[in-house]
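Asks: here is my input, please return the structure:
(chains A and B)
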Amino acid sequence: MAHFLLIAVVSARQSLWLISRNLTIIRAGGENSWEKAEKIGATVLGENLARSHPFPQTLATYLHLAGIETGYGYFAPNVPGPGKLVFEIHFRDGRVEYESPHVNSRAARLRLAGLLDKMGAEEYEPLRKIMVKMLASSVWREHSDVESVRALFGSLVLPTIADFQAGRGARSDFLYGYDVINADLETAPQNPPKP
Amino acid sequence: MRRMWDRFERFLFTPESDRWLSVLRIGLGLQVLLYELSLRGDWNYLFASTNEGLIGRQLGEAIVNLHSRLVPEVAWLVEAGAALGLPEGTVLTAAWIGLLGAGVCLSVGCFSRTAAILAWFIHLSVTTSGSFVAYGVDNFMTIGLFYLMLSPLPDRFSVDGRSDETSPASSPLLGFWRRVLQVHLCFIYFFGGLTKCLGSGWWDGSNLWRALIRPPFDVLDPEWIVRCQAFLPAAGIAICLLELCYPIFIWGKRTGKVWLVLICVMHLGIGLAMGMYLFASVMIILNIAAFAPAPPAQALGVDSAAGEVALPAVVR
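Replies: Below is the predicted model:
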C-alpha cells in the first residue's frame, strides 16, 4: 500500500508542479491552489524536513532502489525543443574551431540528447555552469594546444508543419554561454541566465 | 469494512501461475543484453569520472548523495576495485561484463535470483552515477529488475526451476508480485496520459510532429510525415486516451486483450518511428508480463479457482 501511495504522490506531484507553473492548458491563476497541493506532496515525501533527518533519507533511498523517484510525464505536457551545445575552441596559434560533444553509438546519442535537454531545463545557474565545465573538459583532453573554449548553449526551435512546407527549417535560439578560460576550467558567464 | 479488506486481500494474493514470471525474467534478461551491447562502445566514457568521462559520474553521484548515501553507485565499485589495486577503467569494464553475464543468466534462468540481484545492483549503480545521461528506459529497467529480484524465483521454465522440484506451479506470492507490477503500470500510464492531456500540443497533433522531427528521434523523413499530417491529431488524441484509460480497460476480460495489443503496438510504433528500441522493448516486456492472459488452468495443473486470475476479484 505504502509503495503504491509513494508512486501516486511522486507522479501527482510532477503533474501539479507543471500546472502550478502554468506549463499546461490549465491556468493556475493568482491564488495558486495547485502549488499548495504540490507542497502537500513534498511534505508527504519529507522534503520539508532537514536533509539529515532519517525520514527523507530512508524514503529517498527506497524511491531510488525501486526506480520510482520520478514521475512519468515523458514528452508531456509538450515536446520541448532539443538543447544544443557548441564549443568554440580557440587554439594558441590563433585558429578557431567549432565542436559539439560527441559519442559513438545511437544509444549513447539518445543519452547525450537527454543530457543537453536537462542542461536546457536546469534553472539553478551554478549547476548548469558546472555541467558546461565538465563537458568542456573533454576538449582539453582531445586537443593539447587549446587556449580557451567558449561554450555556447542554445535550444533548437522546431518548425511547425506550415513552416516546414514553406521551406523553413529549425533555428537555434542562443540561451547562454560561458568562457572556459584555461585548462583548470575556470568559467566566466557571458550573460545572465534566462529565467 | 472486514469484507472490503477480504476483497482487497483476494485482489492482491490471487494465486497465479509462474508463466508471467518466466516472461519477465527472459524479457528483462534479453533487455539487459541489448542495453549492454548498445552501449559497449561508450560505456566507460559515459560512466567514468570527471577527468575521463563525458560529464563525469561524480556530479550525478553528488546530487543523489544529497538525498541519500545508501543508493548504489559506481563509486562503490570503483572504491572496492581500488582496494584490490584495480584502476577505474578495469572496474568499469568488469561491471559491463558482470551485467552482461547477469543478462545471459537471466535469459536462460541460471542462478536466477543471484543474476536478478546482480543485474539490478549494477544497472542501478550506473543509472545513479549516470543520472544526467539516464532517461525513461533506465527507470523502467530498474522497476522491472526490482520486482524480478523480489519475486519468487526460480520459475519452472528456467534451468534452475527444472532442477528444483520445490518450485510451485502457482502461488499467492506469484499472484501478489504480478499484481504489484499490474497496478504500477496503471499508475505509469494514467499519469503519463494525464500529463499529455494537459498539453495543448497533444490535441492538435503538433506534439507528435515535434516528437518525430526532433533530433535524435528524427528517424522518419519529415516529407513523409507531412503527407500523413491529417492523421497526426487523431494519433495524438489516441495516445492520450490509450494511456489515460489504461487503468480502466486493461482489467476487462475483453477490453484487456484489446488494450494490451494497442499499447504494445503504440510502443512498437514509438520504437520504430523514433529509434527508441530499448524503451519500446522494456515497455512491451513489462506489459506482456503483467497483463498477457494466463494459459488455461488445466494446462498448468492449476486448480480452476486459481486459474481464473486474469480478472481481479474486485472487478468481478
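Asks: any idea how the chain splits into domains?
Replies: I'll assume chain A. Per automatic domain parsing, the structural domains of chain A span A:2-66, A:83-189.
Asks: oops, wrong one, chain B.
Replies: According to automatic domain parsing, chain B comprises the domains B:13-158, B:171-316.
Asks: one step back: same list (the domains of chain A) but as a markdown table, adding mean pLDDT and distance to residue B:49.
Replies: From N, CA and C alone the C-beta is placed, and that goes for glycine too. Listed next are those as a markdown table, based on pLDDT from 0 to 100; distance: least, C-beta to C-beta, whole Å:
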| stretch | mean pLDDT | distance to residue B:49 |
| --- | --- | --- |
| domain A:2-66 | 90 | 21 |
| domain A:83-189 | 87 | 10 |
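Asks: got CSV for those, with distance to chain B and mean neighbour count too?
Replies: Shown next, in CSV, are the domains of chain A (distance: least, C-beta to the nearest C-beta, whole Å; neighbours: other C-beta atoms under 10 Å in any protein chain shown):
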stretch, distance to chain B, mean neighbour count
domain A:2-66, 4, 16
domain A:83-189, 4, 16
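Asks: for the helix or strand where residue A:9 lies, packing partners?
Replies: In the assignment (DSSP states H and E), residue A:9 maps to helix A:2-20. With contacts taken as 3 or more C-beta pairs under 8 Å, 6 or more residues apart in numbering or on different chains; DSSP states H and E, helix A:2-20 sits against helix A:33-44, helix A:54-66, helix B:172-197.
Asks: make JSON lines out of the ones you listed and add distance to residue A:110.
Replies: Listed next are the helices and strands packed on helix A:2-20 as JSON lines, based on distance: least, C-beta to C-beta, whole Å:
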{"stretch": "helix A:33-44", "distance to residue A:110": "30"}
{"stretch": "helix A:54-66", "distance to residue A:110": "22"}
{"stretch": "helix B:172-197", "distance to residue A:110": "19"}
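Asks: quick one: which of these is nearest residue A:171?
Replies: For the helices and strands packed on helix A:2-20, proximity to residue A:171 was assessed by C-beta to C-beta; helix B:172-197 is nearest, at 26.2 Å.
Asks: residue B:3: neighbour count?
Replies: Residues near residue B:3, counting by other C-beta atoms under 10 Å in any protein chain shown, number 7.
Asks: which phi and psi does it have?
Replies: The phi and psi values for residue B:3, taken as degrees, to the nearest 10, are phi -60, psi -40.
Asks: ok, now residue A:163?
Replies: The phi and psi values for residue A:163, taken as degrees, to the nearest 10, are phi -60, psi -40.
Asks: related to what we said a few turns ago, closest one to residue A:24 among the domains of chain B?
Replies: Smallest distance to residue A:24 across the domains of chain B (C-beta to C-beta): 3.6 Å, for domain B:171-316.
Asks: quick one: closest of the helices and strands packed on helix A:2-20 to residue A:8.
Replies: helix B:172-197 (6.2 Å).
Asks: need the contact partners of the helix or strand following that closest one.
Replies: Scanning forward in sequence from helix B:172-197 by DSSP H and E, the next helix or strand is helix B:206-213. Applying C-beta atoms under 8 Å, 6 or more residues apart in numbering or on different chains, the set of residues contacting helix B:206-213 from outside is A:75, A:78-79, A:81, A:158-161, A:164, A:170, B:196, B:199-202, B:217-218, B:220, B:222, B:225, B:229, B:232, B:235-236, B:239, B:273-274.
Asks: just stretch B:103-116 next, same as before
Replies: B:22, B:25-26, B:28-33, B:35-36, B:101-102, B:119, B:145, B:148-149, B:153-155, B:157-161.
Asks: extract the C-alpha trace of it and format it as PDB.
Replies: Taking C-alpha atoms only, stretch B:103-116 is exported to PDB below (Å, rounded to 0.1, in the frame of the first residue of the first chain):
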ATOM      1  CA  GLY B 103      21.700 -10.800 -18.600                       C
ATOM      2  CA  VAL B 104      22.800 -14.100 -20.000                       C
ATOM      3  CA  CYS B 105      22.000 -16.000 -16.700                       C
ATOM      4  CA  LEU B 106      18.500 -14.300 -16.500                       C
ATOM      5  CA  SER B 107      17.700 -15.200 -20.100                       C
ATOM      6  CA  VAL B 108      18.400 -18.900 -19.600                       C
ATOM      7  CA  GLY B 109      17.300 -19.000 -15.900                       C
ATOM      8  CA  CYS B 110      20.600 -20.000 -14.500                       C
ATOM      9  CA  PHE B 111      21.300 -18.700 -10.900                       C
ATOM     10  CA  SER B 112      18.100 -16.700 -11.400                       C
ATOM     11  CA  ARG B 113      17.900 -14.900  -8.100                       C
ATOM     12  CA  THR B 114      21.600 -14.100  -7.900                       C
ATOM     13  CA  ALA B 115      21.600 -12.900 -11.500                       C
ATOM     14  CA  ALA B 116      18.500 -10.700 -10.800                       C
END
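Asks: tell me which residues touch the spatially most central residue of chain A, please.
Replies: When C-alpha atoms, centre = their mean is applied to chain A, the residue found nearest the centroid is residue A:118 (1.8 Å). Contacts for residue A:118 (C-beta under 8 Å, 6+ apart) come out as A:131, B:132.
Asks: ok, then the element right after the host helix or strand of it?
Replies: Counting by DSSP H and E, the element that carries residue A:118 is helix A:106-121. Later in the chain than helix A:106-121, the nearest helix or strand by DSSP H and E is helix A:125-142.
Asks: give me the angle between the helix holding residue A:9 and helix B:172-197.
Replies: The directions of helix A:2-20 and helix B:172-197 differ by 0 degrees, with axes from the mean of the first three to the mean of the last three C-alpha atoms, to 10 degrees as the criterion.
Asks: near chain A, list only the ones from the contacts of stretch B:103-116.
Replies: Checking the contacts of stretch B:103-116 against chain A by C-beta under 8 Å from any C-beta of the partner chain, the ones in range are residue B:35.
Asks: of the contacts of stretch B:103-116, which belong to helices?
Replies: Judged by DSSP state H, helices contain the following of these: B:22, B:25-26, B:28-33, B:35-36, B:101-102, B:119, B:145, B:148-149, B:159-161.
Asks: show me which of the contacts of stretch B:103-116 are buried.
Replies: If you count burial by 16 or more other C-beta atoms under 10 Å in any protein chain shown, the buried members of the contacts of stretch B:103-116 come out as B:22, B:25-26, B:28-33, B:35-36, B:101-102, B:119, B:145, B:148-149, B:153-155, B:157-158, B:160-161.
Asks: what's the spacing between stretch B:23-35 and its chain's center?
Replies: Remark: stretch B:23-35 is offset 9 Å from the chain centroid, using C-alpha atoms, centre = their mean, to the nearest Å.
Asks: state the mean pLDDT of it.
Replies: Average pLDDT, stretch B:23-35: 98.
Asks: quick one: contacts of that stretch?
Replies: Stretch B:23-35 is contacted by residues A:107, B:99-100, B:102-109, B:112, B:115-116, B:119, B:123, B:137, B:141, B:144-145, B:147-148, B:151, B:153, B:155, B:157-158, B:181, B:277-278, B:281-282, B:285-286, B:288-289, B:292 when judged by C-beta under 8 Å, 6+ apart.
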